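Q: 3D model of this:
(one chain, ligands or ions: 2)
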Amino acid sequence: MRAAVLNSVPGDLDIEDVAIDKPMANEVLIQTHACGLCHSDLSVMEGGLPFPVPAVLGHEAAGVVTAVGADVHEFAVGDRVVGCLSGFCGTCRECVVGNTWLCEDRPTLQRSPSDHSRLSRGDDPIGQLGQIGGFAEEMLLHRNGIVTVPDEIPLDRAALLGCAVLTGVGSVFNGAKVQPGSTVAVIGAGGIGVNIIQGAILAGASRVIAVDLRAEKLELAKVFGATDVV
Ligand SMILES: [Zn+2]
Ligand SMILES: [Zn+2]
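A: Ligands and ions are numbered 1, 2, ... in the order given. Next up, the predicted model:
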């Protein structure tokens with residue numbers, strides 16, 4: 001399959017043929033339909049966010065399941081899914097009490113070093129940013145790192161659920177715990193900021209003030225529900 005590979009840091013992405021393995025017992029193969037470009041991807045390319053290369057970046061990705069491993073029963077071929085950065089092991093003490101986002105054993109979602117790499121070029125393994133690697137025609141993910149999405153959500157919109165939407169909306173509900181009737185100021189109306197804005201509206205904030213230096217971002221902030229812009 002073709003993938004956009006980061007071969008050096010700082011560096012650009014090279015479109016290359018990359019081998020993708022068959023699913024192991026707990027893995028799911030997905031045909032990628034859409035992947036967002038997050039600033040974290042750019043930070044990896046520029047070296048601000050260290051990640052070993054070669055690697056396939058892209059962690060806001062959605063697609064359709066094309067094959068499942070022998071132990072995967074919750075997903076089937078044809079399912080529409082989105083990759084999830086907060087994959088979980090399911091057996092550590094945080095997971096068993098329901099706090100899967102605090103999972104203490106995320107490395108179990110990776111293949112062990114003795115297994116063949118999910119992605120490779122010749123004999124060389126290629127990494128997957130966020131264990132997703134969405135800038136590719138196909139993705140091979142652990143079953144605990146994907147979520148099904150309803151048919152009515154287009155996959156190019158669903159992809160954003162993988163990072164920007166949950167980061168913004170999650171910060172409203174889980175971080176700031178915005179209460180109905182609140183006034184909320186959102187500093188920066190970029191990809192995360194507009195999702196904080198719509199999250200604040202969802203939480204019942206009566207006034208949402210978007211702050212940004214760029215007029216076009218403030219216009220977009222209004223589309224997402226900002227009541228005031230500065
Ligand atoms: Zn991101
Ligand atoms: Zn866990």
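
Q: could you use CA atoms for every contact and neighbour count after this?
A: Noted.

Q: residues in this structure within reach of ligand 1, list them.
A: 38, 163 (C-alpha under 5 Å from the ion).

Q: give me the longest helix you can find in the chain.
A: Longest helix in the chain, counting residues (DSSP state H): helix 191-202.

Q: could you point out where the protein is predicted with low confidence?
A: Within the chain, no range satisfies pLDDT under 70.

Q: which residues in it form strands?
A: Counting by DSSP state E, the chain has strands at residues 2-6, 13-17, 19-20, 27-36, 55-56, 60-68, 80-83, 119-121, 124-128, 138-142, 146-148, 183-187, 207-211, 228-229.

Q: before we move on, back to that, quick one: buried residues of the longest helix of the chain?
A: 191, 192, 193, 194, 195, 196, 197, 198, 199, 200, 201 (16 or more other C-alpha atoms under 10 Å).

Q: do the same with stretch 166-179
A: In stretch 166-179, the ones that count as buried by 16+ other C-alpha under 10 Å are 166, 167, 168, 169, 170, 171, 172, 173, 178.

Q: now the residues you listed in a markdown table, with distance to residue 187?
A: Formatted as a markdown table, those follow (distance: C-alpha to C-alpha, whole Å):
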| residue | distance to residue 187 |
| --- | --- |
| 166 | 17 |
| 167 | 15 |
| 168 | 12 |
| 169 | 14 |
| 170 | 16 |
| 171 | 13 |
| 172 | 13 |
| 173 | 17 |
| 178 | 15 |
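
Q: which parts of the chain sit against ligand 2?
A: For the chain, the residues in contact with ligand 2 (C-alpha under 5 Å from the ion) are 88, 89, 90, 92, 95, 103, 105.

Q: show me the contacts for the fourth one.
A: Contact criterion C-alpha atoms under 8 Å, 6 or more residues apart in numbering gives 103, 104, 105 as the residues in contact with residue 92.
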